Structures are given as C-alpha cells and as structure tokens.
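In: Next come a sequence and a model predicted from it.
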Amino acid sequence: MIHVSTSYGFGPDNRYQLDQIPNSIQLALYKYDLYKDNRDDIVKTLEKQNVHVRAVHLPLDTMKTDYDFIFNMMDEIYAITGCAKYVVHPNRGIIEFLKAFNKKGRPFNLCIETFGWKSNKTFRTPLEIIFAIEKYSRHNMDMTIDTSHIEDLWFDHKIMKYLLYYTSVIHLSNRAKGIGLHLPFNDSRGQLNLVSFVRDLQYKYKWSGDIVLEYMPDYHYKLYKNLKYLERLLHE
C-alpha cells in the first residue's frame with residue numbers, strides 16, 4: 001500500500017512550516033535546536049490534533065550534533081508517535097553514524113536519502129547507499145529516493161525496480177533546469193514525468209511505502225491541492 005503525506009516542520013525559522021498542520025506528515029526537524037527548543041509544543045500539538053507522523057526527517061546538522069542527542073530524540077519521537085521511518089542525509093560522518101545506530105537494536109528504521117553525483121555527500125549514488133545498507137544493517141536501514149536529486153538514468157525501469165526493493169520513502173518533487181529543485185511534482189516546467197512515475201509505482205512496480213511531497217516554500221501553497229491529486233492518481 002502507498003501512503004501519501006506532506007513535509008511539515010515546527011518553529012518560526014523552519015522552512016517546512018505551513019499555515020496549518022496536515023493530518024498526515026513527514027515531521028521535518030531541519031535543525032536539532034528546533035526540536036530541543038520546541039519539543040513540548042511539538043508533542044502537545046501532535047497529540048492534541050491526532051497527527052499521523054509517517055516519517056521523520058532528521059536535522060540537517062545531525063552529523064555535527066552529539067549522536068546520543070539524536071538517538072535520544074529518535075527514541076522520544078518513536079515513543080510519542082510510533083513513527084518507524086527516520087530520513088537522514090548522507091553527509092560527512094554518515095558511516096560513523098550508521099555504525100553507532102547499529103550498535104543498539106531499535107524498533108525503527110533509518111532511511112538514507114539519495115543525492116546526485118555532483119553533490120558533496122559521502123554517498124552520491126543510490127548504489128552506494130544500497131551497499132551501506134547491506135553492509136551495516138538490512139534489518140533496520142532503508143533508502144529514501146528523492147526524485148529531485150537523482151539523475152535521469154536511475155528512472156530506467158529495470159534499475160528503478162531494483163532501487164525500490166530497498167526503498168521505503170520517496171520524496172516526490174520535480175526539477176527544471178534554470179529554475180531549481182523541489183518544484184510541484186506535476187509542474188509543467190518539470191523535466192520528469194512524475195505523474196507517470198506515480199502510476200508505475202502503483203501498477204507496474206507494485207511498490208509499497210510512503211510518498212512525501214517535499215516542496216520549497218515558494219510552492220507550499222500547492223501542497224494540499226497536489227496531495228489530493230496524488231491520492232486520486234493512486235486510486236484510479
């Protein structure tokens with residue numbers, strides 16, 4: 001089964017904060033201090049509004065923060081929400097982070113996000129992420145495919161089928177040369193045919209997991225409308 005949601009963040013300087021909190025979200029923490037400074041408000045709001053947290057995007061400064069702080073935060077969020085998917089960027093230090101994560105058995109998964117070859121990440125291809133998953137823990141590590149980040153070659157049917165075997169979260173957004181990344185997934189200017197890709201996920205690949213709409217702030221006003229459209233695509 002495919003579940004769809006949007007990225008949402010707490011805090012006044014969180015770029016994923018929206019006018020209202022959706023019923024189903026990827027909790028985008030963005031920076032560790034946003035969680036530390038807003039923890040009580042986050043917990044209160046999630047419980048009061050009965051928000052379903054499908055995934056948590058770990059802070060971008062995770063590798064620069066004491067790992068114990070991050071792991072304690074993950075344990076707390078899991079205890080509060082039951083969320084079992086934690087997305088992390090493969091920044092410098094990711095290998096040490098994976099080793100530390102793997103030292104203690106946890107009831108949730110780490111989902112390593114894809115980036116492009118030209119990025120300065122430790123893992124620059126999906127295959128490098130898959131290698132790390134197989135090496136460190138196939139039991140509680142998965143991949144997050146970000147459609148804005150990966151190159152066109154990874155959308156080849158046979159290759160994508162292989163990648164999806166390791167994937168539990170997809171960050172869905174489009175990209176356009178000269179405009180940027182994280183555009184609405186069905187943007188007419190986009191280079192990717194993601195409407196067809198979404199249909200393929202359901203009917204060709206028979207994939208099961210979470211699709212998260214992750215747009216830049218300029219396009220947040222399209223999130224709710226796109227979420228409804230995405231749900232219709234998956235139930236045609």
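Out: Thanks, I have the structure now.
In: alpha carbons only for contacts and neighbour counts from here, please
Out: Will do.
In: List the buried residues for stretch 121-132?
Out: Neighbour-count burial for stretch 121-132, counted by 16 or more other C-alpha atoms under 10 Å, picks out Lys121, Thr122, Phe123, Arg124, Thr125, Pro126, Ile129, Ile130, Ala132.
In: Then stretch 140-153?
Out: Using 16+ other C-alpha under 10 Å as the test for burial, stretch 140-153 gives Asn140, Met141, Asp142, Met143, Thr144, Ile145, Asp146, Thr147, Ser148, His149, Ile150.
In: Inside strands: which ones of the residues you listed?
Out: With strands taken from DSSP state E, the overlap with the buried residues of stretch 140-153 comprises Met141, Asp142, Met143, Thr144, Ile145, Asp146.
In: Now do the contacts for the second one.
Out: When you say that, I think you mean Asp142. Residues near Asp142 by C-alpha atoms under 8 Å, 6 or more residues apart in numbering: Asn109, Leu110, Cys111, Ile112, Ile133, Tyr166, Thr167, Ser168.
In: For stretch 208-228, C-alpha coordinates in CSV please.
Out: The C-alpha trace of stretch 208-228 is given here as CSV (Å, rounded to 0.1, in the frame of the first residue of the first chain):
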residue,chain,number,x,y,z
SER,A,208,4.5,-0.2,-1.0
GLY,A,209,5.7,2.7,1.1
ASP,A,210,5.4,6.4,1.8
ILE,A,211,5.4,9.2,-0.7
VAL,A,212,6.1,12.6,0.8
LEU,A,213,5.5,15.8,-1.1
GLU,A,214,8.6,17.9,-0.3
TYR,A,215,8.4,21.4,-2.0
MET,A,216,10.4,24.6,-1.5
PRO,A,217,8.5,27.3,0.4
ASP,A,218,7.5,29.2,-2.8
TYR,A,219,5.4,26.2,-3.8
HIS,A,220,3.8,25.3,-0.4
TYR,A,221,0.5,26.8,-1.5
LYS,A,222,0.2,23.9,-3.9
LEU,A,223,0.8,21.2,-1.4
TYR,A,224,-2.8,20.5,-0.4
LYS,A,225,-4.2,20.5,-3.9
ASN,A,226,-1.3,18.3,-5.1
LEU,A,227,-1.9,15.9,-2.2
LYS,A,228,-5.5,15.4,-3.3
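In: Can you pull out the low-pLDDT segments for this protein?
Out: 12-17 (pLDDT under 70).
In: hey, where'd the helices end up in it?
Out: Assigned by DSSP state H, the chain shows helices spanning 32-48, 67-81, 94-102, 126-136, 157-164, 194-203, 223-234.
In: residues contacting the residue nearest to Asp61 when sequence neighbours are not counted?
Out: Sequence neighbours aside, Lys31 is the residue nearest to Asp61 in space, at 6.0 Å (criterion: C-alpha to C-alpha, 6 or more residues apart in numbering). Contacts here follow C-alpha under 8 Å, 6+ apart; on that basis Lys31 touches Leu58, Pro59, Leu60, Asp61, Thr62.
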